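Engineer: Fold the following.
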Amino acid sequence: MREYLRIGKIVRPHGIKGAVKLETLTTDNSRFDTLSDAFIEENGMYRAVKVMPVSHTADSAIVMIDGVSDRNASEALRGKFICVDREHAARLPDGRYFIEDLIGCEVTDSDGAYLGKLRDVMVRPANDVYEIRKENTTLLVPALKKLLVSVDVAEKKIVFDKAVLSEVGLFENDEDDPE
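Structural biologist: Numbering: from 1, shown residues only. Coordinates of the predicted model:
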């Protein structure tokens with residue numbers, strides 16, 4: 001599992017004093033109210049920074065980053081990610097997982113048939129959607145409790161209920177995509 005979890009993407013400067021606007025990548029934006037220790041992800045490296053929250057909405061947050069004191073400095077951070085280490089990550093209730101931990105899991109059905117590798121989790125208003133890839137086939141399924149037989153992020157394995165999968169799964173053939 002990755003040591004750092006992305007919680008926001010810097011989308012632009014906010015004002016002239018170095019604040020940045022984040023697109024939040026977390027389901028609980030109140031976590032930005034107390035955020036102080038974070039990391040900026042740059043080219044696969046993580047630089048520790050002190051952060052001071054300013055405000056947040058349902059899908060964004062404004063923060064000040066120590067050492068970033070003007071618009072030019074905040075502009076240089078555009079497109080970079082704000083991360084936390086696992087020690088400072090939000091505690092999840094049972095049955096909830098960090099998207100970072102689900103990506104890469106091998107997925108099978110309850111009969112043991114291999115369905116592919118979980119490549120993406122699309123966050124949608126009704127429920128998340130899992131994208132599973134196997135050779136030239138993509139499987140899209142809603143992340144429903146009744147679908148999940150088991151999830152083991154440590155072992156990188158997910159098992160879907162075969163009967164439920166037949167009701168909710170959408171298979172697409174990717175003829176033009178050799179992956």
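
Engineer: Please count neighbours and contacts with C-alpha atoms only from this point.
Structural biologist: OK.

Engineer: Is residue 166 within a helix or a strand, and which one?
Structural biologist: helix 162-168 (DSSP states H and E).

Engineer: so where do the strands sit in the chain?
Structural biologist: With strands called from DSSP state E, the chain shows them at 4-14, 19-24, 37-42, 45-56, 60-65, 81-85, 106-109, 114-122, 129-134, 137-142, 148-152, 157-160, 170-173.

Engineer: now those strands in TSV, with mean neighbour count, distance to residue 95 and mean pLDDT?
Structural biologist: Formatted as TSV, the strands of the chain follow (neighbours: other C-alpha atoms under 10 Å; distance: least, C-alpha to C-alpha, whole Å; pLDDT from 0 to 100):
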stretch	mean neighbour count	distance to residue 95	mean pLDDT
strand 4-14	21	18	94
strand 19-24	24	22	93
strand 37-42	19	26	94
strand 45-56	15	27	92
strand 60-65	21	26	93
strand 81-85	23	21	94
strand 106-109	20	17	96
strand 114-122	18	16	94
strand 129-134	20	15	94
strand 137-142	20	15	92
strand 148-152	15	8	94
strand 157-160	21	12	96
strand 170-173	13	23	71
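
Engineer: Please identify which of those is closest to residue 96.
Structural biologist: strand 148-152 (9.7 Å; C-alpha to C-alpha).

Engineer: Listing partners with orientation, what would you give for the closest one?
Structural biologist: On the basis of DSSP bridges, the sheet neighbours of strand 148-152 come out as strand 157-160 (antiparallel).

Engineer: could you dump the strand it pairs with to PDB, C-alpha only?
Structural biologist: Provided in PDB are the C-alpha atoms of strand 157-160 (Å, rounded to 0.1, in the frame of the first residue of the first chain):
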ATOM      1  CA  LYS A 157      -8.000  -9.300  -3.800                       C
ATOM      2  CA  ILE A 158     -11.700  -8.500  -4.400                       C
ATOM      3  CA  VAL A 159     -14.500 -11.100  -4.800                       C
ATOM      4  CA  PHE A 160     -17.800 -10.200  -6.400                       C
END
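
Engineer: Can you give the contact residues for that strand?
Structural biologist: By C-alpha atoms under 8 Å, 6 or more residues apart in numbering, the residues outside strand 157-160 that reach it are 105, 106, 107, 108, 109, 110, 147, 148, 149, 150, 151, 152.

Engineer: so what are the domain limits for this structure?
Structural biologist: 4-86, 99-173 (automatic domain parsing).

Engineer: Quick one, which of those gets closest to residue 93.
Structural biologist: When the domains of the chain are compared by C-alpha to C-alpha, domain 4-86 sits nearest residue 93, at 12.6 Å.

Engineer: Quick one: end-to-end length of that closest one, please.
Structural biologist: Across domain 4-86, the terminal residues are separated by 6 Å (C-alpha to C-alpha, to the nearest Å).
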